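Colleague: 3D, please:
(2 chains)
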Amino acid sequence: MPQSGSELETPVVVRFAPSPTGYPHLGNIRTALFNWLFARRYGGKFILRIEDTDVARKVEGAVEMILDSLRWLELDWDGSPYFQSERLDIYRDVANKLLTEDHAYLCYCSPERLEAMRQEQIKRKQPPKYDGRCRNLTQQQKDQLKAEAITPVVRFKTPLDGETTFHDLIRGRVSFKNSTLDDFVLLKSDGYPTYHLANVVDDHLMAISHVLRADEWLSSTPRHTLIYQALNWQAPHFAHLPMILGPDRSKLSKRHGASNIIEYREQGYLPEAMINFLALLGWSLDDRTELLTREELVKNFSLERISKTAAVFNRDKLEWMNGVYLRQLSLDEFVRQATPFLDRDLPVSVRRPLDSDYTRQVMSLIQERAKTLAEVPRLAGFFFLDELQYETSLLLSGGLSSKAAIEAIRTPLKRLESAEVWDAKSLEDVLRALATELSLTTGKFFGLLRVAITGRSAAPPLFQTMAVLGKGKCLERLTTALDRLSALAQA
RNA sequence: GCCCUCAUCGUCUAGUGGACCAGUACCUCAGCCUUUCAAGCUGAGGACAGGGAUUCGACUUCCCUUGAGGGCACCA
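Modeller: Alright, predicted model coming up:
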């Protein structure tokens, strides 16, 4: 079996085949990514195919959501997307061919009967499968049912015995006893094909060379293999990717917080970080490389290094990685990326548009401290607000008495009022000297000033912060702090 | 219930019979740096699910048990 690139005997053609039921989740996208990487690695094609054969579950706008997600991550597809709903005739023809060649039959069983049968089987602790009632109908019975005008479905005539074996590029040889399979539906009564039929037909017609899909499809692969065999078609190579599990080790779903990929964009994750992180869920380059660019990924991706074990999604690591990518950005790029988040999340009282020069200075202090873009407004808020919200007691958290604290603010306030230069260096000179003068440790003194200036005890470096904030605002905030302390002392 | 798959630190993983008393990253903790935070640096903690078999030698091969995940629709 060809597993590695250069000596592949057929051109690589892979596809991402989502069904339009909403935004793709992390697992879908990981599948898309691996397909994309594989195609790009071997100079093949990456086809996008929308599997919209379930009319009932179809979600309005979902196709656009899928395209939106792929575009965000720059997983570009080749050609225009296919829509299975536009190819109904093709599937019908194939179903008819199978019917004619006795690989399939018409089934008139009602959904109610099937459901009742299933319940009964489950109750009797038997595996639920179609009992094959319509498989051996006499011509007379067929005619009669036909006369009743019931629209039948087309079922595949699964061999009663023997086994179906296929080779999986990741798992190796996988085998199923045919007796554990049932006569599954190929064509539904609404004329739409089921996944099994449409998938096989399209993979064949589109000359898909490798099917890279999630592990949850492994058990439907024997059905697909059987269809290929019945049609006398060469099946593509299969590679079933390990699942991505939620922290509770179950299949990823809405329950696990953000599952829609686009929510990650809204939470301020960078596409390159997502790509890097997702690539490492089930694949690795070696025993130590964590950070890889898209290009490095393309250059090194291979099926051999895909693991067999399901991976638990680890948000902490994603955050860490996003922080790394955020810090790698040039300041201008960081500002460009962060601005929409500031616009979105800064309090409405903050005047828009933001001053770009000021924002840039602020961002230079924030960039290193943000793990996601969405937390930038929270980290930088005090730079933009007119009035700080904080508990006055926070000023005393360093252990100073209110009297001492008042003194420790009044003195620098006076000293700073006459300051002519207002940059980090001069501020540091002045304030350090003052700490000595007041015989306060720098920790206590600067800590107090930090709260007065920023309203919080953890913030970017004090002098730089003050320099960016500007003299007017700093003096104003020191004055406010003084007032608060005085009020507290009197109370 | 039946079928399939998987099984290394809490998590992502490296490891394809000896170079592994098991390496990396996230996480946690400690220290350094330091005006706080962050970043950075140093260090620590922490795993081969269990039992058989094969072998001079098993994380690595085979079997069983256990555990986990997935599937068993006129959904994909």
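Colleague: show me what counts as buried in stretch A:210-227.
Modeller: Buried residues in stretch A:210-227, counted by 16 or more other C-beta atoms under 10 Å: A:210-215, A:217-218, A:221-227. C-betas here are computed from N, CA, C, even on glycine.
Colleague: and RNA strand B, which of these reach it?
Modeller: A:215, A:217, A:218 (C-beta under 7 Å from any atom of the strand).
Colleague: pretty sure the first one contacts residue A:238?
Modeller: What that stands for is residue A:215. No: using C-beta atoms under 8 Å, residue A:215 makes no contact with residue A:238, being 11.1 Å away.
Colleague: where do the strands of chain A begin and end?
Modeller: Using DSSP state E, the strands found in chain A span residues A:13-16, A:45-50, A:82-83, A:104-107, A:153-156, A:163-168, A:172-177, A:185-187, A:210-214, A:237-241, A:244-245, A:311-312.
Colleague: tell me which of those sits most buried.
Modeller: Comparing the strands of chain A by mean neighbour count (mean count of other C-beta atoms under 10 Å), strand A:13-16 ranks first with a mean of 25.
Colleague: hmm, the lowest-mean-pLDDT helix or strand in chain A touching RNA strand B?
Modeller: Within chain A, no helix or strand scores below helix A:139-147, which has a mean of 91 by mean pLDDT, DSSP states H and E. No: if you take C-beta under 7 Å from any atom of the strand as the test, helix A:139-147 misses RNA strand B, and the best it gets is 11.6 Å.
Colleague: go through that helix and flag the buried ones.
Modeller: Residues residue A:145 are the ones in helix A:139-147 that count as buried (16+ other C-beta under 10 Å).
Colleague: got a list of contacts for that helix?
Modeller: Residues from elsewhere that reach helix A:139-147, judged by C-beta atoms under 8 Å, 6 or more residues apart in numbering: A:106, A:108, A:137, A:152.
Colleague: by neighbours, which of the residues you listed wins?
Modeller: Most neighbours among the contacts of helix A:139-147, by other C-beta atoms under 10 Å: residue A:108, with 19 neighbours.
Colleague: can you pull the contacts of that residue?
Modeller: A:134, A:145, A:148, A:150, A:152.
Colleague: distance of the first one from residue A:243?
Modeller: Which is residue A:134. Separation of residue A:134 from residue A:243 (C-beta to C-beta, to the nearest Å): 35 Å.
Colleague: the second one now?
Modeller: In this structure, residue A:145 and residue A:243 are 42 Å apart, going by C-beta to C-beta.
Colleague: residues near the closest residue to residue A:470 other than its chain neighbours, how many?
Modeller: The shortest distance from residue A:470 to any non-neighbouring residue, by C-beta to C-beta, 6 or more residues apart in numbering, is to residue A:422 (6.9 Å). Close neighbours of residue A:422, defined as other C-beta under 10 Å, add up to 15.
Colleague: hmm, who's touching stretch A:421-428?
Modeller: Here stretch A:421-428 makes contact (C-beta under 8 Å, 6+ apart) with A:416, A:419, A:461, A:463, A:464, A:466, A:467, A:470, A:471.
Colleague: mind checking which of the residues you listed are buried?
Modeller: Using 16+ other C-beta under 10 Å as the burial test, those include A:416, A:463, A:464, A:466, A:467, A:471 as buried.
Colleague: okay, the residues you listed in CSV with pLDDT and distance to residue A:431 next?
Modeller: Formatted as CSV, the buried ones among the contacts of stretch A:421-428 follow (pLDDT from 0 to 100; distance: C-beta to C-beta, whole Å):
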residue, pLDDT, distance to residue A:431
A:416, 96, 8
A:463, 98, 7
A:464, 98, 12
A:466, 98, 9
A:467, 98, 12
A:471, 97, 14
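Colleague: for chain A, which helix is longest?
Modeller: helix A:471-490 (DSSP state H).
Colleague: how about the residues of the stretch 301-450 of chain A near RNA strand B?
Modeller: A:304-305, A:307-312, A:314, A:316-317, A:319-320, A:323-324, A:327, A:368-369, A:428, A:442-443, A:446-447, A:450.
Colleague: what residues does the stretch 51-200 of chain A have near RNA strand B?
Modeller: So the stretch 51-200 of chain A meets RNA strand B at A:51, A:53-54, A:56-57, A:109-111, A:114, A:118, A:125-130, A:153, A:171-172, A:174-177, A:180, A:182, A:184-185, A:188-190, A:192, A:194-195 (C-beta under 7 Å from any atom of the strand).
Colleague: the residues you listed, buried ones only, as a ChimeraX selection?
Modeller: Restricted to buried positions by 16+ other C-beta under 10 Å, the ChimeraX selection for those reads:
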select /A:51,53,54,109,114,129,130,153,171,174,176,182,184,185,188,192,194,195
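Colleague: among the residues of the stretch 51-200 of chain A next to RNA strand B, which ones are in helices?
Modeller: Taking DSSP H, the ones among those that sit in helices are A:111, A:114, A:118, A:195.
Colleague: which single one of those residues is nearest to residue A:399?
Modeller: Distance to residue A:399 across these (C-beta to C-beta) is lowest for residue A:195, with 67.0 Å.
Colleague: any chance of the ones in helices among the residues of the stretch 51-200 of chain A next to RNA strand B in TSV, plus pLDDT?
Modeller: Conversion of those to TSV gives the following (pLDDT from 0 to 100):
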residue	pLDDT
A:111	94
A:114	96
A:118	94
A:195	98
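Colleague: tell me the two of these that are most distant?
Modeller: Spatially, the most separated pair among these is A:118 and A:195, at 18.9 Å (C-beta to C-beta).
Colleague: what about residue A:479, neighbour count?
Modeller: Using other C-beta under 10 Å, residue A:479 is surrounded by 15 other residues.
Colleague: dump the residue contacts of it.
Modeller: Applying C-beta under 8 Å, 6+ apart, we find residue A:479 in contact with residue A:413.
Colleague: if I look at it, how far off is residue A:451?
Modeller: Noted for residue A:479: a distance of 14 Å to residue A:451, by C-beta to C-beta.
Colleague: over to residue A:126?
Modeller: Residue A:126 is 70 Å from residue A:451, by C-beta to C-beta.
Colleague: hang on, isn't residue A:185 packed against residue A:194?
Modeller: Yes: counting by C-beta under 8 Å, residue A:194 is a contact partner of residue A:185 at 5.2 Å.
Colleague: isn't residue A:30 right next to residue A:280, touching?
Modeller: No: with contacts counted by C-beta under 8 Å, residue A:30 stays clear of residue A:280, the gap being 10.0 Å.
Colleague: who has more neighbours out of the two?
Modeller: Between residue A:30 and residue A:280, residue A:30 has the larger neighbour count (other C-beta under 10 Å), namely 28 against 19.
Colleague: any idea of the pLDDT on the more buried one?
Modeller: The score at residue A:30 is 97. That number is its pLDDT.
Colleague: what does residue A:362 give?
Modeller: pLDDT, read off for residue A:362, is 98.
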